[in-house]
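**Q** quick one, what's the 3D model for this:
(2 chains)
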Amino acid sequence: MTGSTSQAKDKQLDGASQLNDTNYLETLRQQMLKFANLQISDTHLAEDAVQEALIGAMKKADSFGGRSAFKTWVFAILKNKIADVLRKRQRLAEVSELMRSDEDDEALSSLFDKKGHWNPEDRPNRWGDPEDSFKQQQFWVVFETCLNNLPGNQAKVFMMREYIGLDTDEICKEEDLSVSNLHVILHRARLKLQKCLEIKWYDGGKHA
Amino acid sequence: MLSCHQATRLASDAQERPLTFKEKVSLKIHTMMCSGCRNFESSMNTLRKAMQGFASGDHKDITNNNTKKTMKKHE
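**A** Numbering: from 1, shown residues only, chains lettered A, B, ... in the order given. Take a look at the predicted model:
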């Protein structure tokens, strides 16, 4: 903690000034926590990883200009912290899931027949009024459950894209993916989410 | 003629990049005849809106408290 804040230097210290913006920092922390929970599924360990990542981020905060670059970097640190935590817990399968992009197509190919057409039971139905679902608290519980059900790599990339709001180039650079790889992963994540929401909410969940 | 797998890929890609003219036409022709892919395509917009709602954090307190309960319910 530094006691002196010199506001005149805000422009030079973009990254650092972000860390002096309590609201921004809290929002970022919440996003990181969501992300960490998704990967570790242990609230305490997730909190620790976020804490350490933020401390790590503060050390070099002033070398980052824009918010999105800063965010990318903070999440890169967080990802490595999470991998450390998983390694300590000897869950190597999860580490490789976290750090690599698997080309596992099994679960998805079951949605389609050999010619690539929907299996009758997997054909998507109409969802009705989405805005109406959003007003129901239970919808958000189901939605988060479905996000949690995504495989690690898909969850990470999908969250980076849709939740953190990173653009294609940033994610590809960060994850060492080609644009086409990224689109394949997002496609898979969306197929899974669509299926999950349909089963748990739009078809069956509502009457519960 | 696109397969449903290819059509859903285009519907997903449409969230990421502008589709080419040819892609747009093939997708349109496919969804005119295929209700499954038509529904999938419209669920893409719902999904994005839902993520925006999720990211805004308005429902944060609700989900944090209830996630575990829900997961049990759905087992």
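**Q** CA only for contacts and neighbour counts going forward, please
**A** Will do.
**Q** quick one: residues contacting residue A:77.
**A** A:53, A:56, A:57 (CA atoms under 8 Å, 6 or more residues apart in numbering or on different chains).
**Q** count of residues packed around residue A:44?
**A** 11 (other CA atoms under 10 Å in any protein chain shown).
**Q** on that earlier part again, name the nearest of the contacts of residue A:77 relative to residue A:188.
**A** Comparing the contacts of residue A:77 against residue A:188 with CA to CA places residue A:53 closest, at 29.0 Å.
**Q** gap between residue A:74 and chain B?
**A** 18 Å (CA to the nearest CA, to the nearest Å).
**Q** residues of chain A that sit close to chain B?
**A** A:112, A:115-118, A:123-127, A:130, A:134, A:137, A:140-142, A:144-145, A:162-164, A:168, A:183-184, A:186-187, A:190-191, A:194, A:200 (CA under 8 Å from any CA of the partner chain).
**Q** isn't residue A:188 right up against residue A:154?
**A** Yes. Using CA atoms under 8 Å, residue A:188 makes contact with residue A:154 at a distance of 7.5 Å.
**Q** now do the same contact list for the residue positioned nearest the centre of chain B.
**A** Centroid-nearest residue in chain B, with CA atoms, centre = their mean: residue B:44, separated by 2.3 Å. Contacts for residue B:44 (CA under 8 Å, 6+ apart) come out as A:190, B:11, B:12, B:15.
**Q** distance of it relative to residue A:41?
**A** Counting by CA to CA, to the nearest Å, the separation of residue B:44 from residue A:41 is 27 Å.
**Q** put the buried members of the contacts of residue A:77 into a PyMOL selection.
**A** Per 16 or more other CA atoms under 10 Å in any protein chain shown, the buried members of the contacts of residue A:77 correspond to this PyMOL selection:
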select buried, chain A and resi 53+57
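**Q** from the contacts of residue A:77, which ones fall inside helices?
**A** A:53, A:56, A:57 (DSSP state H).
**Q** of those residues, closest to chain B?
**A** Comparing those against chain B with CA to the nearest CA places residue A:53 closest, at 20.5 Å.
**Q** among the helices and strands of chain A, which has the poorest mean pLDDT?
**A** Across the helices and strands of chain A, mean pLDDT, DSSP states H and E gives its lowest value to helix A:92-99, namely a mean of 56.
**Q** how close does residue B:33 get to chain A?
**A** 12 Å.
**Q** so the residue nearest to residue A:148 when sequence neighbours are not counted is in which element?
**A** Excluding the flanking residues, the one nearest residue A:148 by CA to CA, 6 or more residues apart in numbering or on different chains is residue A:38, at 5.9 Å. According to DSSP states H and E, residue A:38 maps onto helix A:22-40.
**Q** report the buried residues of that helix.
**A** A:28-40.
**Q** for residue A:133, what are its contacts?
**A** residue A:139.
**Q** give me the phi and psi for it.
**A** phi -60, psi -40 (degrees, to the nearest 10).
**Q** circling back: give me the pLDDT value at the residue nearest to the centre of chain B.
**A** For residue B:44, the pLDDT comes out at 94.
**Q** part of a strand, is it?
**A** No. Using DSSP: H, G, I helix; E, B strand; the rest coil, the secondary structure at residue B:44 is helix, not a strand.
**Q** distance of it from residue A:146?
**A** Residue B:44 is 15 Å from residue A:146, by CA to CA.
**Q** my read: residue B:38 touches residue B:31, true?
**A** Yes. With contact defined as CA under 8 Å, residue B:38 reaches residue B:31; the gap is 4.8 Å.
**Q** what residue ranges in the chain score low on pLDDT?
**A** As the question left the chain open, I've gone with chain A. A:1-20, A:60-69, A:72-73, A:76, A:90-109, A:152, A:164, A:204-208 (pLDDT under 70).
**Q** the chain in question should be chain B.
**A** For chain B, the ranges with pLDDT under 70 are B:55-75.
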